[in-house]
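Enquirer: no sequence on this one, just coordinates:
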């Protein structure tokens, strides 16, 4: 079970740096302030974001902001070794050796200018990962106060169980949305509820605004009626759909648009009617529920 209280919606920082928006430290500082003003206090990082640069940029912004560390929660991940200017890798691979996990967390702490991570996740499962070695690294980091909660990202139930046999797992960050709803039907969310693991959802809006196909057209048509009914935006309704699931999924919103950030928490307040929830799932499937 988690020891950390995260905000009901998390802000993802993957697009903040050179991979997309290329925000300056001052722009990041302003964005952090706007998030906190709107009760979004949890920020999702990974060592690889911005080809290993976004954590450091965020850290500069956080330090300059003079915000008390207790007012926000920081998540980061490790394990993916990318080909990048600041790494000697010759091929993209995964590394979950005890030494690398500890080094990576300590490196993230330096970059983020913090003494601890509220949540530390293993980014993607590796066929070569040794559960005992991972547990030793995590236990050491916990004992030293460098991480509070530990979790996984993109792990199947069997991979999660492999790790959970050796050390407590509090979170699993998976792809989940109205268009990518597999975790709620393949047993993943059932397993997480049984074992006190809280799901986080990356790409919570799915493909609705990115692709034009039969599925997204059906959903857009339905969403147009729901927008009119609830007087809220499509993105708010889609986040509310995720929040309605009993697994208590926490969506990770990747937007840097101030107006959208300001409206994110409306999804928490919205009580989506049961038939509307099923209507969204039905249009995604393209058929009635069984």
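Expert: Nice, thanks for sending it over. If you're wondering where the values come from, they're calculated on a predicted model, not measured in any experiment.
Enquirer: what distance separates the start and the end of stretch 228-245?
Expert: Length of stretch 228-245, first residue to last, C-alpha to C-alpha, to the nearest Å: 23 Å.
Enquirer: now do the strands in the stretch 1-150 of the chain.
Expert: 10-12, 42-44, 73-78, 80-81, 93-94, 117-122, 147-153 (DSSP state E, counting those that start in this stretch).
Enquirer: save the ones you listed as TSV, and put in distance to residue 59, mean neighbour count and mean pLDDT too.
Expert: To be clear about C-beta, it is placed using only N, CA and C from the backbone, and glycine gets the same treatment. Below are the strands of the stretch 1-150 of the chain laid out as TSV (distance: least, C-beta to C-beta, whole Å; neighbours: other C-beta atoms under 10 Å; pLDDT from 0 to 100):
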stretch	distance to residue 59	mean neighbour count	mean pLDDT
strand 10-12	16	25	98
strand 42-44	11	25	98
strand 73-78	10	25	98
strand 80-81	20	18	96
strand 93-94	25	15	97
strand 117-122	12	26	98
strand 147-153	17	23	98
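Enquirer: so for residue 111, which of those strands sits nearest?
Expert: The closest of the strands of the stretch 1-150 of the chain to residue 111 is strand 73-78. By C-beta to C-beta, the value is 9.0 Å.
Enquirer: pairing partners for that closest one, with directions?
Expert: Using DSSP bridges, the strands paired with strand 73-78 are strand 42-44 (parallel), strand 117-122 (parallel).
Enquirer: which one, of these, ends up nearest to residue 2?
Expert: When the strands paired with strand 73-78 are compared for distance to residue 2 using C-beta to C-beta, the nearest one is strand 117-122, at 7.9 Å.
Enquirer: from residue 120, how far out is residue 76?
Expert: 6 Å (C-beta to C-beta, to the nearest Å).
Enquirer: using CSV, please lay out the strands of the stretch 1-150 of the chain together with distance to residue 222.
Expert: Shown next, in CSV, are the strands of the stretch 1-150 of the chain (distance: least, C-beta to C-beta, whole Å):
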stretch, distance to residue 222
strand 10-12, 26
strand 42-44, 29
strand 73-78, 32
strand 80-81, 36
strand 93-94, 39
strand 117-122, 33
strand 147-153, 30
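Enquirer: common neighbours of residue 76 and residue 120, please.
Expert: Shared contacts of residue 76 and residue 120 (C-beta atoms under 8 Å, 6 or more residues apart in numbering): residue 105.
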